[in-house]
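K.L.:
just need the structure, nothing else, for what follows:
(one chain, ligands or ions: 2)
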Amino acid sequence: MNTYPKYRYPEPVKIENRQWPDRILTQPPVWASVDLRDGNQALPEPMGPEHKLEYFNMLVGIGFKEIEVAFPSASADDFNFVRMLIERNLIPDDVRISVLTQARRHLIDRTIESLRGVKHAIAHCYVPTSDLHGRFVFNHNREEVKQMAVDGTRMVKEAIEREGLWGKVAYEFSPEEFTDSDLDFVVEVCCAVKEVWGPSTPDMLILNLPATVERRPPNQYADMIELFCRKFPYLNEVGLSLHAHNDQGCAVAATELALLAGATRVEGTVFGHGERTGNLDVSVLALNMESRGVRTGLNFSNMPEIVRIVERNSGIEVHPRHPYAGDLVFTAFSGSHQDAIRKGFEHRAEISEFFRQGWKIPYLHLDPADLGRQYEKLIRINSQSGKGGVVYVLEKEFGVYPPKTMHPEIGAVVQKVVDAEGGEINSADLKRIFYDNFVNAEGPYRMENYQRASVGDRSGSNFSWFINGEKHELSGQGNGPLSAVVHALKSSGLMPFFKLEDFSERTLGKDADAKALAFVGLRCGEDSEHTSLVYGAGEHSNIDRAAIAALVSAMNRAVACGALKRP
Ligand SMILES: CC(=O)SCCNC(=O)CCNC(=O)[C@H](O)C(C)(C)COP(=O)(O)OP(=O)(O)OC[C@H]1O[C@@H](n2cnc3c(N)ncnc32)[C@H](O)[C@@H]1OP(=O)(O)O
Ligand SMILES: CC(C)C(=O)C(=O)O
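P.N.:
Ligands and ions are numbered 1, 2, ... in the order given. From the prediction side, this is the model:
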């Protein structure tokens, strides 16, 4: 009977005086994309050459200088893709392609054959070093596993020499399942591999230490890397690479810590495609670093296009909450977030001065514009939204700038509609709600035949005033057209009790035909302890008419909400 617990905490390596927790990342690693190999091998439908080529060009555009493009011995498609890149001269001079193989002679020979004529490249061979693999997959003891690594390395070296590619093709060796292997044994295997390969430099011999399956917490990966660095005697002759999978969702964290621990190179895929839960997501790691001020050499400034290319070729959609690339990640639905973001944008210069930092905005740790994302999409409106977000969209999308004291009224009206209709509303709906409720609102009051009749420096107005359809001819004078209308109403005794408390006006658009949008706030109520401020808005090509329309609109709204008595 099995009396063991089903799961155990992974045994940490014994390390004293670890250094990595006190370090910070200030330099980018060498970035290596494995999208077209590890990412591709895990797609339900692996990419054909055309898809791979579009993807390859995208990776080059992002700035990857090392790209694993195939497992050439696996299929004719993979082999031919490598041949196509080389024969059609599609690899930029500063980019090295990489090809992966098992440590078996016929596979190695075929792999190196695929590189014929390449200017420079990396041949990558893997041998699992864990006891789980050694004993139960290969039926090998550790000595035999080490021999596989030694033989594989020798076969790769010989094949490279045979193809006349020595000096052009670097070697990468991966002790697969590094994090599930005995560290001293990995060091022993890597020493043996290095000795077969001979004297080298970090760009010509890469040791890639993978978390093939994420079985440990991130700090333990870092400990293993730091200990490897201490124990491996040829460290200055090799590039030390990471390759983390994401089974526990910590591949980014594990890689960040392992970089602190001494690794110099990172393998991963743009949005984390790869076996099972995927590989390290390079876009997240790189943009995390960028958000901390480290220039990475990778360019994600056109993220929406990168998303389109990856989705089109992989057939897998990017999750809407994917950090940096997801559709929703620069969107705020909730009212307090919307309000804070809007204020953050309003005070950008002061914030920058205060924190001595170019970018610091509530709820947004990075400028969406750096990824080619739109500010307009920052805020979306649903039942959780508040006035801040609503007004932000009106301002940014439609140039409608209501006065601050009007914001609560607009927020309440929109909230009521969204509550009634449910779901999310788009900006066009928002504009419609605003216009239906505030602009030229109808009710008992109506004006017709307005004529301006200035007398000296006083404004005069003559107009027909309708109350519940009953017509009155009025005229009055004032400091401006709006006050002339108010005086006309007052002197005729037809004005309900209100005080014109706020007025503002803005043109919508910049051309000569632009319309004006005016806002009028009325302080309503005869009892001074219980007054309320009610706004209306008016739109017209003539600024006087816009102001007067806003007044009529405000009076009608005030009647509708009970702030003024119905005439
Ligand atoms: C962690 C990773 O992602 S590693 C990359 C994995 N990617 C792939 O496997 C995709 C491409 N692979 C393939 O197309 C095929 O597996 C091939 C062409 C490489 C090999 O195919 P086959 O010869 O049919 O073997 P199969 O795939 O079943 O592999 C199992 C055999 O390979 C051996 N093997 C597995 N890994 C290695 C290795 N790294 N080095 C040497 N031999 C190995 C196994 O011991 C087993 O041998 P056995 O048949 O003597 O027991
Ligand atoms: C080939 C190796 C690096 C690999 O893909 C892994 O270990 O996950």
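
K.L.:
which residues of this protein lie near ligand 1?
P.N.:
If contacts are counted using Cβ under 6 Å from any ligand atom, the residues of the chain sitting beside ligand 1 are 38, 41, 71, 73-74, 102-104, 107, 126-127, 137-138, 148, 176, 212, 275. C-beta: built from backbone N, CA, C; applies to glycine.

K.L.:
give the PyMOL command for selecting the buried subset of the residues you listed.
P.N.:
Selection of buried members from the residues of the chain next to ligand 1 for PyMOL, criterion 16 or more other Cβ atoms under 10 Å:
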select buried, resi 38+41+71+73+74+102+103+104+107+126+127+148+176+212
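
K.L.:
which ones among the residues of the chain next to ligand 1 lie within strands?
P.N.:
Among those, the members found in strands (DSSP state E) are 102, 126-127, 176.

K.L.:
please identify which pair of those lies farthest apart.
P.N.:
Comparing all pairs in those by Cβ to Cβ, the longest separation belongs to Gln102 and Glu176, at 9.8 Å.

K.L.:
need the residues touching each of those two.
P.N.:
With Cβ atoms under 8 Å, 6 or more residues apart in numbering applied, the overlap between the contact sets of Gln102 and Glu176 consists of Tyr126.

K.L.:
and the helices in the stretch 301-450 of the chain?
P.N.:
Assigned by DSSP state H, counting those that start in this stretch, the stretch 301-450 of the chain shows helices spanning 303-314, 335-346, 348-355, 387-398, 407-421, 427-438.

K.L.:
mean neighbour count added to these, as a markdown table?
P.N.:
A markdown table is the format used below for these (neighbours: other Cβ atoms under 10 Å):
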| stretch | mean neighbour count |
| --- | --- |
| helix 303-314 | 18 |
| helix 335-346 | 19 |
| helix 348-355 | 12 |
| helix 387-398 | 22 |
| helix 407-421 | 16 |
| helix 427-438 | 17 |
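
K.L.:
quick one: which of those is nearest Ala121?
P.N.:
Across the helices of the stretch 301-450 of the chain, the minimum distance to Ala121, taken as Cβ to Cβ, is reached by helix 303-314, at 22.5 Å.

K.L.:
helices or strands next to the closest one in the packing?
P.N.:
Other helices and strands packing on helix 303-314, by 3 or more Cβ pairs under 8 Å, 6 or more residues apart in numbering; DSSP states H and E, are helix 49-62.

K.L.:
from the residues of the chain next to ligand 1, which ones fall inside helices?
P.N.:
With helices taken from DSSP state H, the overlap with those comprises 41, 107, 148.

K.L.:
mind putting the residues you listed into JSON lines with distance to ligand 2 and pLDDT?
P.N.:
Putting these into JSON lines (distance: Cβ to the nearest ligand atom, whole Å; pLDDT from 0 to 100) gives the following:
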{"residue": "Gln41", "distance to ligand 2": "9", "pLDDT": "96"}
{"residue": "Leu107", "distance to ligand 2": "13", "pLDDT": "98"}
{"residue": "Met148", "distance to ligand 2": "14", "pLDDT": "98"}
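
K.L.:
from those residues, which single one is nearest ligand 1?
P.N.:
Lowest distance from ligand 1 to those (Cβ to the nearest ligand atom) belongs to Gln41, with 4.7 Å.

K.L.:
picking up where we left off before, closest one to Val13 out of the ones in helices among the residues of the chain next to ligand 1, please.
P.N.:
Top of the list for closeness to Val13, among those and by Cβ to Cβ, is Met148 at 23.7 Å.

K.L.:
okay, Ser454 and Ala546: tell me how far apart.
P.N.:
Counting by Cβ to Cβ, to the nearest Å, the gap between Ser454 and Ala546 amounts to 18 Å.

K.L.:
how about the nearest residue to Val545, chain neighbours excluded?
P.N.:
For residue 545 the amino acid is Arg, not Val. Take Arg545 and drop its neighbours on the chain: the residue closest to it by Cβ to Cβ, 6 or more residues apart in numbering is Tyr450, 6.6 Å away.

K.L.:
that should have said Leu489, apologies.
P.N.:
Closest residue to Leu489 apart from its sequence neighbours, by Cβ to Cβ, 6+ apart: Met495 at 3.7 Å.

K.L.:
next one: Glu113
P.N.:
Glu163 (7.0 Å).

K.L.:
my guess is that neighbour meets Leu115, correct?
P.N.:
Yes. Counting by Cβ atoms under 8 Å, Glu163 touches Leu115, with 6.7 Å between them.

K.L.:
looking at those two, which is more packed in?
P.N.:
Residue environment comparison for Glu163 versus Leu115 gives the larger neighbour count to Leu115, 24 against 19, counting by other Cβ atoms under 10 Å.

K.L.:
before we move on, back to that, kindly reformat the helices of the stretch 301-450 of the chain as a markdown table containing mean pLDDT and distance to Val294.
P.N.:
Formatted as a markdown table, the entries for the helices of the stretch 301-450 of the chain read as follows, by pLDDT from 0 to 100; distance: least, Cβ to Cβ, whole Å:
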| stretch | mean pLDDT | distance to Val294 |
| --- | --- | --- |
| helix 303-314 | 97 | 18 |
| helix 335-346 | 88 | 23 |
| helix 348-355 | 97 | 18 |
| helix 387-398 | 86 | 31 |
| helix 407-421 | 90 | 40 |
| helix 427-438 | 93 | 36 |
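
K.L.:
please name whichever of those helices is nearest to Gly293.
P.N.:
Each of the helices of the stretch 301-450 of the chain was scored for nearness to Gly293 using Cβ to Cβ, and the closest is helix 348-355 (13.0 Å).

K.L.:
how far is the closest one from where the chain is centred?
P.N.:
Averaging C-alpha coordinates over helix 348-355 and over its chain gives two centres that are 23 Å apart (Cα atoms, centre = their mean, to the nearest Å).

K.L.:
who touches that helix?
P.N.:
Contacts of helix 348-355 with the rest of the structure, by Cβ under 8 Å, 6+ apart, involve 344, 358-361.

K.L.:
which pLDDT value belongs to the closest residue to Phe330 other than its chain neighbours?
P.N.:
Excluding the flanking residues, the one nearest Phe330 by Cβ to Cβ, 6+ apart is Pro368, at 4.2 Å. Predicted confidence (pLDDT) at Pro368: the value is 95.

K.L.:
Pro368: neighbour count?
P.N.:
Under the neighbour criterion other Cβ under 10 Å, Pro368 is assigned a count of 18.

K.L.:
wait, it sits on Leu328?
P.N.:
No. Counting by Cβ under 8 Å, Pro368 stays clear of Leu328, with 11.8 Å between them.

K.L.:
any idea how far the residue positioned nearest the centre of the chain is from Ser301?
P.N.:
Centrality entry for the chain: nearest residue to the mean C-alpha point is Tyr324, 1.8 Å, by Cα atoms, centre = their mean. In this structure, Tyr324 lies at 11 Å from Ser301, with Cβ to Cβ as the measure.

K.L.:
what sits in contact with each of those two?
P.N.:
Listed contacts common to Tyr324 and Ser301 are Leu371; contacts here mean Cβ under 8 Å, 6+ apart.

K.L.:
how about Gln27, secondary structure?
P.N.:
coil (DSSP: H, G, I helix; E, B strand; the rest coil).
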